[in-house]
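**Q** fold the stuff below for me.
(chains A, B, C and D)
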2 protein chains.
Amino acid sequence: MGHQRSGNHDATSAGEGLDADAAKTVASILQGLATPSRLHLITALHGRTLTVGEVVEAVGMEQSAVSHQLRNLRHLGFVTAERQGRNIVYRLFDDHVIDIIDQALSHAEHLRLAAPRVGDDATEP
Amino acid sequence: MGHQRSGNHDATSAGEGLDADAAKTVASILQGLATPSRLHLITALHGRTLTVGEVVEAVGMEQSAVSHQLRNLRHLGFVTAERQGRNIVYRLFDDHVIDIIDQALSHAEHLRLAAPRVGDDATEP
DNA sequence: AAGACATATGAAAAGTCGTTCATATTCGGC
DNA sequence: GCCGAATATGAACGACTTTTCATATGTCTT
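**A** Next up is the predicted model:
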C-alpha cells in the first residue's frame, strides 16, 4: 500500500529549506544532544535498560543532575521510562538517536581528513 | 581547541560508547546546528553559494549577527568562505550537514507518529 | 587619495542552560 | 503505619551563547 500524507506541511528534507517552525523543532532536537553529559546518558543506555541509580553509576554525575537530564531527554522523545518496583527503568526510545550521533562523529572525521588547516577561508590573516 | 591525542579515535560508532573527548567533539558539532538562526543559514546555503549580503537578505538577520554565526559555522567546518572582489562567498563544506538535519527531522516525525501523548513515562501524575 | 560599499570584530547586554543544594514524593519491607 | 531507599522537583547560581551596537578592515571606483 502506498503512503498517504494528509495535511503534511513539515518538510521531510532539509534540502527543501526549513520553515521557522521546523527550524525550531530541529534546533531543540539537536540541542538535546549537544552536551557531553546527555551524550553520555544516551550512549550508556544504548542496547540496554538501566535504572536511574545505574545510570548515575555509569556516568558519574550527581543523582539530581541525572534526573534532570533524563527528564529532558524524555521530553525530547529520546528515552522512555517505566516504573519497576521502586526503581524506574530507562531505555532509548529507538536507535535513531545513535545514528544522529554517528553522523556527527563521521562529520568530525571527515573534517579531520579533508581539512588539515582550520583557516580555509578568506577572512583570517 | 584541543590537540588530538593518539588514541581510540576510530570510534566511528556511538554504539561503542563515547570517551569524554569524543563526547565533547560531538557535542560541539551538534551545538553548531542547534539554533534556528544557524539552521537557516545552512539551509540557505544548500545547493548554492551566497555572499554575506545575500545571506543577510535570505534569512533576515542583522549583518553583524550573520557574520558572527558564519564565522562560527566556519570554525566548525560546516561552511567555507572565499573572497571574490569585495564580496565574500560562502558555501557548504559538503552536504553531510544536511543529512544530519534530515535525521533530526526524521526523528521528529517518527515521534509524532509513535507518541500521541507526551507522558509516556512512569513519573508524571 | 577619498569615498562608498561589503564584511569582520570586540565588548556589552540579554537570554538560555546545566549543575547543585535542599526538599518532596513514591514505593517496598517490617 | 513507619522507615529507608529510589527518584523527582524547584530555586538559585554560574557559565555559556546569541544578539546588538559601534567601529575597524579591506576593496573597488572615480
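**Q** please make it C-alpha for all contacts and neighbour counts, starting now.
**A** OK.
**Q** surely residue A:24 meets residue B:38?
**A** No: using CA atoms under 8 Å, residue A:24 and residue B:38 do not qualify as a contacting pair, with a distance of 10.7 Å.
**Q** comparing those two, which residue is more hemmed in?
**A** residue B:38 (20 against 16; other CA atoms under 10 Å in any protein chain shown).
**Q** return the distance of that one relative to residue A:60.
**A** 33 Å (CA to CA, to the nearest Å).
**Q** tell me, what residue is most central in chain A?
**A** residue A:33 (3.6 Å; CA atoms, centre = their mean).
**Q** now that one, nearest residue through space, not along the chain?
**A** Nearest residue to residue A:33, sequence neighbours excluded (CA to CA, 6 or more residues apart in numbering or on different chains): residue A:39, at 6.0 Å.
**Q** where does that neighbour land in three-state SS?
**A** Following DSSP: H, G, I helix; E, B strand; the rest coil, the label given to residue A:39 is helix.
**Q** contacting residues around it?
**A** Applying CA atoms under 8 Å, 6 or more residues apart in numbering or on different chains to residue A:39 gives the contacts A:33, B:18, B:23, B:27.
**Q** please save the CA atoms from stretch A:94-101 in CSV.
**A** Output in CSV follows, covering the C-alpha atoms of stretch A:94-101 (Å, rounded to 0.1, in the frame of the first residue of the first chain):
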residue,chain,number,x,y,z
ASP,A,94,14.9,3.9,19.5
ASP,A,95,18.3,3.7,17.9
HIS,A,96,17.7,6.6,15.6
VAL,A,97,19.4,8.9,18.0
ILE,A,98,22.5,6.8,17.8
ASP,A,99,22.5,7.3,14.1
ILE,A,100,22.5,11.1,14.5
ILE,A,101,25.4,10.9,16.9
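**Q** fine, thanks again, bye for now.
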